[in-house]
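Dropping a prediction and its sequence here:
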Amino acid sequence: MTSIRLASVADAFAALDHATAQVVAGEVGQVMAIAAACDLHRVDETVLVAGAERWLPGGADGTPDIGEFVAGEVGAVLGISPASAVARIADVLNVRHRHPALWGAVLAGDVRFHEAARIAQACVAAGLDAEACGFVDRQCAIALAMQPWSRVRGRVESWVILA
């Protein structure tokens with residue numbers, strides 16, 4: 001096993017901080033690319049044969065439809081199954097379209113995508129429409145700007161109920 005040779009503990013923590021920033025930047029890049037692929041992919045609606053691609057809901061209320069073959073492409077690039085890719089796409093579109101404040105915080109690197117996705121998933125599971133998600137979005141974005149995820153996650157359910 002190879003190890004990194006650093007001069008001090010401070011250097012080790014600086015290296016850890018740098019690596020973490022790269023992970024966050026990679027996550028942001030992934031979600032931006034998935035959103036762009038969904039936006040840019042077009043279904044040829046003139047093809048009317050069995051097995052032709054069709055439009056499918058991309059996520060919950062308030063999200064755009066996507067071409068059904070996008071999930072296969074996303075899954076292949078990420079090395080995950082098409083079903084997992086469908087879930088990832090839904091998370092991306094749900095956060096972007098139903099939780100714009102959280103989406104902005106994710107893109108800024110202030111909130112990790114998995115945190116925003118868990119909030120969006122809680123709203124979907126509760127059957128909230130896009131408008132009700134706005135309340136949860138605002139509460140969570142404000143809370144996450146001042147507190148860590150570990151403190152905020154326990155309050156998400158109460159905000160979902162209030163919405």
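Great, that's in hand.

switch to C-alpha atoms for all contacts and neighbour counts from now on
Noted.

Show me the shaky parts of this structure.
Along the chain, segments meeting pLDDT under 70 span 1-2.

all strands of it, in order?
With DSSP state E as the criterion, the chain has strands at 55-57, 65-67.

Determine which stretch of these is the most buried.
Greatest average neighbour count among the strands of the chain goes to strand 65-67 (a mean of 20), per mean count of other C-alpha atoms under 10 Å.

Can you tell me the strand partners of that one and which way each runs?
Using DSSP bridges, the strands paired with strand 65-67 are strand 55-57 (antiparallel).

Tell me, how many residues neighbour the closest residue to V86 other than its chain neighbours?
Sequence neighbours aside, A71 is the residue nearest to V86 in space, at 5.4 Å (criterion: C-alpha to C-alpha, 6 or more residues apart in numbering). By other C-alpha atoms under 10 Å, the residues close to A71 number 25.

wait, what's in contact with A71?
By C-alpha atoms under 8 Å, 6 or more residues apart in numbering, the residues touching A71 are 82-83, 85-86, 89.

again with V74
Counted by C-alpha under 8 Å, 6+ apart, V74 has contacts 34, 82, 85.

separation between it and M146?
V74 sits 34 Å away from M146, going by C-alpha to C-alpha, to the nearest Å.

got it, and V124?
Distance, V124 to M146, using C-alpha to C-alpha: 25 Å.

same check, this time on I80
Distance from I80 to M146, by C-alpha to C-alpha: 34 Å.

The two: who's more crowded?
Per other C-alpha under 10 Å, whichever of I80 and M146 has more neighbours is I80, with 15 against 9.

And the longest helix anywhere in the chain, what's buried?
Of all the segments of type helix in the chain, defined by DSSP state H, the longest one is helix 9-40. Across helix 9-40, burial judged by 16 or more other C-alpha atoms under 10 Å covers 24-25, 27-28, 30-31, 34-35, 37-38.

And stretch 103-114, by the same measure?
Here stretch 103-114 shows 103, 105-107, 111-113 as buried, counting by 16+ other C-alpha under 10 Å.

Dump those to TSV, plus distance to A130.
Formatted as TSV, those follow (distance: C-alpha to C-alpha, whole Å):
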residue	distance to A130
W103	14
A105	18
V106	19
L107	20
V111	21
R112	21
F113	19
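
Right, I'll call it a day here.
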